[in-house]
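Engineer: Whatever this is, show me its structure:
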Amino acid sequence: MTSRDPIADLRRIAFLLERANEATYRVKAFRSAAATVAALPADELARRAADGTLADLTGIGDVTARCITESLAGEEPVYLRRIESTEGTDLKGAAAVLRSALRGDCHCHSDWSDGGSPIEEMALAAVELGHEYMVLTDHSPRLTVAHGLTAARLRKQLDHVAKVNEALPEGFRILTGIEVDILADGSLDQEDELLERLDVVVGSVHSGLRDDSAKMTRRMLAAIENPHLDILGHMTGRKVSASGEGDKGHRRGHTRPPSDFDLHRVVAAVAEHGKAIEINSRPDRLDPPKRMLTVAVEAGCLFSIDTDAHAPGQLDWQRYGCERAALCGVPVDRVVNSWSMDRLLDWTVSHSTPG
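Structural biologist: Residues are numbered from 1 along each chain as shown. Now for the predicted structure:
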């Protein structure tokens, strides 16, 4: 296959990012890479692309190196293809399509942990929004500040949910679940027997968020490999102001920066094990950041667009997650809570048994 012009591809990406008013540092990354390639002899460029050492050059990072390699192989870079596929798209319309496709919410809390309303009230609000299911994911015991559920309390909750489901409108069901803490060694903060009983398990890091990259990466990989985990919740743990993200990659009113970990290894593990990455819709989280979400899309990951609701009105926050998903080109068919309840449960069962 005839190679493409990597310099032209890099400059085209930079141009499209500028036109979309994306962060300045992202634009500069592609323009700097184009300048580095332009100054490099063609044979050295080809050699470095073949042996994977492009990122060793000043001005070229992992993302731009991948674009260059794809271009030299005669392929339109995935990054460029993604931008052009959404170029001119009615993002509000695309977000609306995503929102209308969602059949449920896989992450919400009740007053059994740190939510403000009873399970019944949360469920009825979900019914009014047109959901077919709601996964109840109260916290696990180690998160005492959120009144996490001990094994005994979780068993009582499972019995209570069964009774509530009997009284809810036909066609709607509360699915049993948990937002289980990912502990320092990557294990999950609840008994395996209980995790096995639950319909959906969301795993999140709530402690040691400033661990170094190597430690956090090991921790996240161990959790992803656990057969009980289905969805990786708010994967960076960041907190932002409700006003969202600022230019140049900075967050306005930043209250907690993202955790540091090897994004490509984590994303690859999610895809390999058939798990999902949560697109957390809370205005104070909007997690993962767009740059990370884009990497996960390109890696072929599954996603779950969730509200992390702690009150009934917050169940309508899914539209914020849908906007981010549309902006990053998340395909509807890779959003697990756009699936029917039966398909969702088949998926969680498919990776719940070791081996």
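
Engineer: how far away is S350 from K275?
Structural biologist: Look at S350 and K275: by CB to CB, to the nearest Å, they are 11 Å apart. In this view, the C-beta of every residue, glycine as well, is placed from N, C-alpha and C.

Engineer: what do you get for E166?
Structural biologist: 31 Å.

Engineer: Show me which of the two is the more surrounded one.
Structural biologist: Shown here are E166 and K275; by other CB atoms under 10 Å, K275 has more neighbours (26 against 7).

Engineer: ok, and the closest non-adjacent residue to that one?
Structural biologist: In space, and not counting its chain neighbours, K275 is closest to I224: 5.7 Å by CB to CB, 6 or more residues apart in numbering.

Engineer: List the contacts of that neighbour.
Structural biologist: Contacts of I224 were listed using CB atoms under 8 Å, 6 or more residues apart in numbering, and they are 232, 266, 269-270, 273, 275.

Engineer: and if we set it to 10 Å?
Structural biologist: Counting by CB atoms under 10 Å, 6 or more residues apart in numbering, I224 makes contact with 182, 186, 203, 232, 265-273, 275, 277.

Engineer: got it, and V295?
Structural biologist: Contacts of V295 (CB under 10 Å, 6+ apart): 62-63, 79, 263-264, 266-268, 288, 301, 328.

Engineer: hang on, it is in a strand, isn't it?
Structural biologist: No: looking at V295 with DSSP: H, G, I helix; E, B strand; the rest coil, it is helix, so not inside a strand.

Engineer: gap between it and A268?
Structural biologist: According to CB to CB, V295 and A268 sit 10 Å apart.

Engineer: Kindly report the domain assignment for this protein.
Structural biologist: 6-86, 91-350 (automatic domain parsing).

Engineer: Turn those into a markdown table, including mean pLDDT.
Structural biologist: Formatted as a markdown table, the domains of the chain follow (pLDDT from 0 to 100):
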| stretch | mean pLDDT |
| --- | --- |
| domain 6-86 | 90 |
| domain 91-350 | 93 |
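
Engineer: Buried deepest among those, which one?
Structural biologist: Greatest average neighbour count among these goes to domain 91-350 (a mean of 19), per mean count of other CB atoms under 10 Å.

Engineer: May I have whichever helix or strand M220 is part of as CSV, with CA atoms only?
Structural biologist: Using DSSP states H and E, M220 falls within helix 213-225. In CSV, the C-alpha atoms belonging to helix 213-225 read as follows (Å, rounded to 0.1, in the frame of the first residue of the first chain):
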residue,chain,number,x,y,z
SER,A,213,1.6,6.0,38.2
ALA,A,214,3.1,2.5,38.5
LYS,A,215,1.2,1.7,41.7
MET,A,216,-2.1,3.1,40.4
THR,A,217,-1.7,1.2,37.2
ARG,A,218,-1.1,-2.1,39.0
ARG,A,219,-4.1,-1.4,41.2
MET,A,220,-6.5,-0.7,38.3
LEU,A,221,-5.3,-3.6,36.2
ALA,A,222,-5.8,-6.0,39.0
ALA,A,223,-9.4,-4.8,39.4
ILE,A,224,-10.1,-5.0,35.7
GLU,A,225,-8.9,-8.6,35.6
